[in-house]
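A.B. asks: Structure of the sequence below:
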Amino acid sequence: MSDIYIICVEDEAQVLDVVIRDLEQLEEFFPIEGAASASDARKLINEIKEEGNRIGLILCDHIMPGDKGVDLLIEMQKDEFTHSTRKILLTGQAGLDDTIQAVNKARLNQYVSKPWKKEELLQIVIDELTDYVIETEDELLPYLSVLNQEKLQEAIRAKGFI
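C.D. replies: Model (predicted):
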């Protein structure tokens, strides 16, 4: 079974550390990788792909050196490998036009503004990963201990596994 990764893209090292720490309880099931730029994220995506793993979720800042976060998310939406990846824009600086572009062209799943509350961010990530797992996995039971149990049980019943 391939691993399902979480990628966090943030150019400020301290902020990236906080995001990863806020999500660490998920790491047993979903390895978490950090990237400091869109180009670093692209390299990471290629490594994960080459290893035969998948990316369940990306949390991406918008304003970074080089390419903007929204551009990376749009690129991911167009790529078959990352098309179904859940996409979260985590930023305090995306303007309305950039946000609209992210929603319309990158199929943005969530927008989280900085500063965030750990519990809210964790719940959003859990909900998005739950949706990803329901859409892409046949075996849902292993995820009951870490993701949204109610949604997973409903999906298990709907798929006729119980």
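
A.B. asks: Now tell me what touches stretch 73-82 from outside.
C.D. replies: 42, 45, 49, 55, 58, 60, 83, 85, 87, 89, 101-102, 105-108 (Cβ atoms under 8 Å, 6 or more residues apart in numbering). Just so you know, the C-beta spots here come from the backbone N, C-alpha and C atoms, and that holds for glycine as well.

A.B. asks: now stretch 146-157
C.D. replies: 25-26, 28-30, 126-127, 129-131, 133-134, 140-141, 143-144, 162.

A.B. asks: Among these, name the ones in helices.
C.D. replies: 126-127, 129-131, 133-134 (DSSP state H).

A.B. asks: just for this protein, where's the confidence low?
C.D. replies: Confidence mapping of the chain against pLDDT under 70 gives the ranges 1, 93-104, 106, 161-162.

A.B. asks: show me where it has helices.
C.D. replies: Along the chain, counting by DSSP H, helices occupy 13-22, 38-50, 69-78, 96-105, 118-136, 149-158.
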